[in-house]
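S.K.: Next come a sequence and a model predicted from it.
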Amino acid sequence: MRDEDIAAISTWLVGQGLAGTSEAELVAGFCSRCAAAGLALSRGLALVDTLHPVYEGRAFHWQDDLGGTVESVYGRTDTGEAAEDWRRSAWHHIVETGCGELRRHFGRGDPCDFHRLVGLRDEGHHDFFALVTPYSDEDAFGLMDCVYSQWLTRMPDGFSDAHIAALRRLVPVLALALKGPSLARIARTLVEVYLGRDAGERVLSGRISRGVADEIDAVLWFSDLRGYTTISDTAAPGEIIPLLNDYAEAAISAVDAAGGDVLKLIGDGILAIFKADDPAEACRCALAAEADLRARLAALNARRAAAGRPVTTLSLGLHIGAVFYGNIGAESRLDFTVVGPAVNEVSRIAAMCRSADRGVLLSSAFHDAAPGDARAHIVSVGRYALRGVGRAQELFTLDETA
């Protein structure tokens with residue numbers, strides 16, 4: 001591979017990195033351009049750790065006979081079989097020894113002394129070259145502190161010295177190009193996990209100034225655990241967080257599946273909104289989430305009871321009204337949320353579930369906005385004075401037998 005080929009590939013990587021090209025396309029373009037320049041790669045693999053609540057990172061796997069890059073995610077590598085696989089890998093050896101790279105030329109009899117090397121040799125690859133390309137400590141983001149990569153060829157003589165030198169020059173440029181889209185993924189993950197999908201999209205679009213808020217009409221959902229104080233006082237300390245997680249998972253999954261957006265977790269409480277141009281459609285989505293939640297809670301309680309763990313259910317208030325939706329707080333610490341009298345009302349409605357002996361209570365505004373077929377299943381439970389709200393109002397619940 002000539003110097004001008006290396007320069008051309010480097011220039012392409014920089015341009016594509018600036019253009020926001022995806023990691024999979026970057027790896028595919030890199031491998032195909034190396035092959036066209038005489039570095040006949042048969043397989044390339046790049047791994048980038050990330051910051052995600054479920055998985056540890058993403059893998060980008062290219063093969064010369066695939067015509068593209070296969071993208072996948074991988075789970076935690078610190079426990080179980082995955083941890084053992086990691087300890088047996090060439091990358092683990094590179095990290096532990098600080099050597100930066102490792103090569104095994106099968107064609108000249110190098111040992112297959114790391115995980116998966118025997119299989120790669122038996123598939124017809126003749127040379128294996130692995131690198132760990134670190135970012136600086138200041139540029140590390142969560143687990144994303146380097147790029148792991150490995151490169152193989154079926155050329156009978158393996159990689160030449162010039163090929164190895166070219167990879168040493170090019171892979172850091174690839175790692176730099178991969179950093180941009182990987183950081184963008186992390187940013188999107190963080191805002192969605194901590195703010196919700198819609199609020200996260202708004203923040204990423206640039207709506208981060210204090211006081212920037214829209215007045216919207218939305219269905220408001222407020223739910224919390226029934227008897228949580230008693231459970232937290234009597235259950236073993238190790239049971240509290242799993243209990244909160246289990247019931248939050250059920251409620252948040254139901255809201256998400258119905259198109260709602262969870263805005264806040266307040267202890268054992270959840271505040272969510274359903275937005276739609278048609279108020280009746282927003283009400284329909286909220287009712288669909290409630291029905292889904294009931295099914296999820298039945299299954300969850302059956303599992304927890306069978307395991308001898310504490311069980312409970314949720315109190316839910318539904319209301320519809322005008323709210324301000326946007327950034328509130330100090331210049332150095334903002335919260336993207338909803339505020340307004342309707343938010344206070346929905347929390348008070350949920351709190352009335354215990355007094356009314358109902359699991360779900362709906363405001364009169366929600367009842368009036370709900371579609372006609374849904375109102376056939378909504379019944380009044382009487383008028384109630386809500387704490388902190390100036391007027392009593394008629395509340396409703398769902399008649400599951402109607």
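M.R.: Ah, there it is.

S.K.: Test my guess that residue 129 contacts residue 164.
M.R.: Yes. At 6.4 Å, residue 129 and residue 164 qualify as touching, with contact defined as Cβ atoms under 8 Å. No exception for glycine: its C-beta is placed from N, CA and C like everyone else's.

S.K.: Compare the two and say which is more crowded by neighbours.
M.R.: residue 129 (23 against 17; other Cβ atoms under 10 Å).

S.K.: element containing the more buried one, please.
M.R.: If you go by DSSP states H and E, residue 129 is part of strand 127-134.

S.K.: Report the next helix or strand after that strand in sequence order.
M.R.: Scanning forward in sequence from strand 127-134 by DSSP H and E, the next helix or strand is strand 146-153.

S.K.: quick check: mean pLDDT across that following strand?
M.R.: The average pLDDT for strand 146-153 rounds to 97.

S.K.: Check which residues of the lengthiest strand in the chain are buried.
M.R.: If you go by DSSP state E, the chain has its longest strand at strand 314-330. Of all the residues in strand 314-330, those buried under the rule 16 or more other Cβ atoms under 10 Å are 314-321, 323-328.

S.K.: tell me the angle the helix or strand following it makes with strand 314-330.
M.R.: Under the assignment DSSP H and E, the closest C-terminal helix or strand after strand 314-330 is strand 333-339. Interaxial angle of strand 333-339 relative to strand 314-330 (axes from the mean of the first three to the mean of the last three Cα atoms, to 10 degrees): 130 degrees.

S.K.: List the buried residues of strand 333-339.
M.R.: By neighbour count with 16+ other Cβ under 10 Å, strand 333-339 contains the buried residues 334, 336, 337, 338.

S.K.: Equivalent analysis for stretch 9-25, please.
M.R.: 9, 10, 12, 13, 16, 17, 21, 22, 23, 24, 25.

S.K.: Among these, which are located in helices?
M.R.: Among these, the members found in helices (DSSP state H) are 9, 10, 12, 13, 16, 17, 23, 24, 25.

S.K.: what residues does the helix or strand where residue 118 lies touch?
M.R.: Residue 118 is part of helix 117-122 when elements are defined by DSSP H and E. The contact list for helix 117-122 (Cβ atoms under 8 Å, 6 or more residues apart in numbering) reads 43, 90, 104, 106, 112, 128, 152.

S.K.: Looks like the third one contacts residue 128 (just checking).
M.R.: Yes. In this structure residue 104 lies within contact range of residue 128 using Cβ under 8 Å: 4.5 Å.

S.K.: Overlap in contacts, these two.
M.R.: Both residue 104 and residue 128 are contacted by 90, 117, under the criterion Cβ under 8 Å, 6+ apart.

S.K.: Isn't residue 343 up against residue 220?
M.R.: Yes. Taking Cβ under 8 Å as the definition, residue 343 is a contact partner of residue 220 at 6.3 Å.

S.K.: what does the domain assignment say about the protein?
M.R.: The chain breaks down into these domains under automatic domain parsing: 3-194, 208-398.

S.K.: Between the two ends of the longest one, how far is it?
M.R.: Across its full length, domain 3-194 reaches 47 Å between end residues, using Cα to Cα, to the nearest Å.

S.K.: got it, and stretch 150-170?
M.R.: Stretch 150-170 has an end-to-end distance of 13 Å (Cα to Cα).

S.K.: what's near enough to touch residue 70?
M.R.: So residue 70 contacts 24, 60, 61, 62 (Cβ under 8 Å, 6+ apart).

S.K.: quick one: buried residues of the longest helix anywhere in the chain?
M.R.: Ranked by residue count, the top helix of the chain under DSSP H comes out as helix 161-195. For helix 161-195, the buried set under the neighbour-count rule, 16+ other Cβ under 10 Å, comprises 163-164, 166-167, 170-183, 185-186, 189-192, 195.

S.K.: What segments of the chain are strands?
M.R.: For the chain, the strands defined by DSSP E cover 41-49, 57-63, 68-74, 101-105, 127-134, 146-153, 213-225, 261-266, 269-274, 314-330, 333-339, 360-363, 378-384, 393-398.

S.K.: ok, and for the fifth one, which residues are buried?
M.R.: In terms of neighbour count (16+ other Cβ under 10 Å), strand 127-134 has its buried residues at 127, 128, 129, 130, 131, 132, 133.

S.K.: could you dump stretch 175-189 to PDB, C-alpha only?
M.R.: Taking C-alpha atoms only, stretch 175-189 is exported to PDB below (Å, rounded to 0.1, in the frame of the first residue of the first chain):
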ATOM      1  CA  ALA A 175     -10.900   5.200  15.700                       C
ATOM      2  CA  LEU A 176     -11.200   9.000  15.600                       C
ATOM      3  CA  ALA A 177     -13.900   8.800  13.000                       C
ATOM      4  CA  LEU A 178     -15.800   6.200  15.000                       C
ATOM      5  CA  LYS A 179     -15.800   8.400  18.000                       C
ATOM      6  CA  GLY A 180     -18.200  11.000  16.600                       C
ATOM      7  CA  PRO A 181     -21.200   8.700  15.900                       C
ATOM      8  CA  SER A 182     -20.500   6.700  19.100                       C
ATOM      9  CA  LEU A 183     -20.600   9.900  21.200                       C
ATOM     10  CA  ALA A 184     -23.800  10.900  19.400                       C
ATOM     11  CA  ARG A 185     -25.400   7.500  20.400                       C
ATOM     12  CA  ILE A 186     -24.300   8.000  24.000                       C
ATOM     13  CA  ALA A 187     -25.900  11.500  24.000                       C
ATOM     14  CA  ARG A 188     -29.100  10.300  22.600                       C
ATOM     15  CA  THR A 189     -29.200   7.300  25.000                       C
END
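
S.K.: How about residue 273: what's its closest non-neighbour residue?
M.R.: Nearest residue to residue 273 in three dimensions, chain neighbours excluded: residue 218, at 4.3 Å (Cβ to Cβ, 6 or more residues apart in numbering).
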